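Student: Sequence plus predicted model, see below.
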Amino acid sequence: MDRHLCRFCARELDETFVDLGLSPLANSFVPPERADATEPTYPLHARVCRGCGLVQLPQFAPAANIFDQYLYYSSYSESWLRHAEHYAADMIARAKLGTASEVIEIASNDGYLLQYFQRAGIRALGIEPASGPAAAAIAKGIPTRTCYFGRDTAAALRAEGHRPELIVANNVLPHVPDINDFVAGLRILLPETGRATLELPHLLHLIEQIQFDTIYHEHLSYFSLATFETVFRAHGLRVFDVDELPTHGGSLRVHVCTEAALHISSPALEELRRREAVAGLDRPATYSDFQAKVAAKRETIRDFLVAARRAGKTVLAYGAPAKGNTLLNYCGITRELIAFTVDRNPHKQGLLLPGTHLPIRDPAALIAGRPDYVFILPWNLRDEIIAQLAEVRAWGGQFVVPAPDLTIIP
């Protein structure tokens, strides 16, 4: 076994969480003219650190190879925009933000969130390394720095006089190769009177609902609350509250302050600590049987698709998310089982999914194809997608959702 060290505490990683075999990078979409070229694949082998409990993947590609030309644009999801708008209103009230306040978002994407703070008259600044989404945000009038965040960026912002009352970092910490540099940067930038909130998928849900498709190379780390607190405590930061969210199959919004801040720990924080202990996230046995559960789920998905084909039924997919590429490649799904997928994001249309090479088309192609089943790859957005595709029911089509259990929705 190759020797890998924990990206937080540097302990040797010798305990497997799940091995999903070889897979291409989940967001390395393929132009049709390169369909015959060999794609690089990397081990999708997640391990758990016996020291700090961090579940993680080794880093195989530089961050620039993944994010500089990132094709994910947050604003194409209506439910995510509603989530962002609700968050902004909630935090304006909870943190008592006003026109003299400043909000900085790390990994601000296309300005999907900061636009709501701007509309309330609050100064906003985005930090976004992907040039495409950053340009989209700037076009909306949202000041955005196209760079990565860490100690150096934080020190530069502080030297410029930035003192944000609120720092937002949604679904970025799991993608960060150097966790210590990122969290140290938060400590540098966060004033004693400020707070940071970070949203990230919760490891407890990944385990309990066998969400193996949320594991992909760009998603390097998988956090429990306990491990999150360990990491932030090491950098002089303290968790004082937590919200449990339905997003991404079950996420946490963790509220963080400096150690000296006056925030009192909430009852919700204490309760979640207790639930993680009851669930056994501190016990090796909780991680050791995950591989077998994942393998069983793969067989359930394949059995459904093979049975549908034998019965003469057609299956088309909806969406081109990173999680979908993990699921399709690990389950060995070919174009014989699913001919193509569709996605609302025009930046992905016309490309091929990595590994499986399913074509990505406009959603109109799905309606024209009149499939018997629509296989929803971004299952965390199932309600939004089913509502968008209401006409599927006109010809008796049904929806298939692979998580938490394979479910057929008539």
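Tutor: Structure's in. What do you need?

Student: helices and strands of this protein: which one bottoms out on pLDDT?
Tutor: Sorted by mean pLDDT, DSSP states H and E, the helices and strands of the chain end with helix 63-67, the least confident at a mean of 59.

Student: Give the next helix or strand downstream of that helix.
Tutor: helix 78-94 (DSSP states H and E).

Student: Which elements pack onto that next one?
Tutor: helix 114-119, helix 382-388 (3 or more C-beta pairs under 8 Å, 6 or more residues apart in numbering; DSSP states H and E). All C-beta spots, glycine's among them, are computed from the backbone N, C-alpha and C.

Student: in the first one, what's buried?
Tutor: By neighbour count with 16 or more other C-beta atoms under 10 Å, helix 114-119 contains the buried residues 114-118.

Student: and what of stretch 224-240?
Tutor: Those would be 224-232, 235, 237-240, for stretch 224-240 by 16+ other C-beta under 10 Å.

Student: Now, those that are in strands?
Tutor: Mapping those onto strands (DSSP state E) picks out 237-240.

Student: Nearest to Asn380 among those residues?
Tutor: Val239 (24.2 Å; C-beta to C-beta).

Student: I figured that closest one was touching Val256, is that so?
Tutor: Yes. Using C-beta atoms under 8 Å, Val239 makes contact with Val256 at a distance of 5.7 Å.

Student: what's in contact with stretch 84-104?
Tutor: 74, 112-114, 116-117, 120-127, 157, 162-168, 189, 195, 197, 253 (C-beta atoms under 8 Å, 6 or more residues apart in numbering).

Student: try it again with 7 Å
Tutor: 112-114, 116-117, 120-125, 127, 162-168, 195 (C-beta atoms under 7 Å, 6 or more residues apart in numbering).

Student: go on, stretch 359-376?
Tutor: Residues contacting stretch 359-376 (C-beta under 7 Å, 6+ apart): 308, 313-320, 338, 340-344, 348-353, 382, 385, 389, 391-392, 395, 397-401.

Student: Now do Asn325 against Arg94, distance only.
Tutor: 37 Å (C-beta to C-beta, to the nearest Å).

Student: who has more neighbours, those two?
Tutor: The neighbour comparison of Asn325 against Arg94 (other C-beta atoms under 10 Å) goes to Asn325, with 26 against 13.

Student: Hmm, Pro354 and the more buried one touching each other?
Tutor: Yes. Counting by C-beta atoms under 7 Å, Asn325 touches Pro354, with 5.6 Å between them.

Student: which SSE is the residue nearest to Val392 when sequence neighbours are not counted in?
Tutor: What sits nearest to Val392 in space, not counting adjacent residues and going by C-beta to C-beta, 6 or more residues apart in numbering, is Val374, at 5.9 Å. Assigned by DSSP H and E, Val374 belongs to strand 373-376.

Student: Give the buried residues for that strand.
Tutor: Neighbour-count burial for strand 373-376 flags 373-376 (criterion: 16+ other C-beta under 10 Å).

Student: residue ranges with poor pLDDT in this structure?
Tutor: For the chain, the stretches flagged by pLDDT under 70 are 1-2, 61-72.

Student: who are the neighbours in contact with the residue nearest to Thr146 when sequence neighbours are not counted?
Tutor: The spatial neighbour of Thr146 that comes closest, neighbours along the chain excluded (C-beta to C-beta, 6+ apart), is Ala134 at 4.5 Å. Ala134 sits next to 128, 144, 146 when contact means C-beta under 7 Å, 6+ apart.
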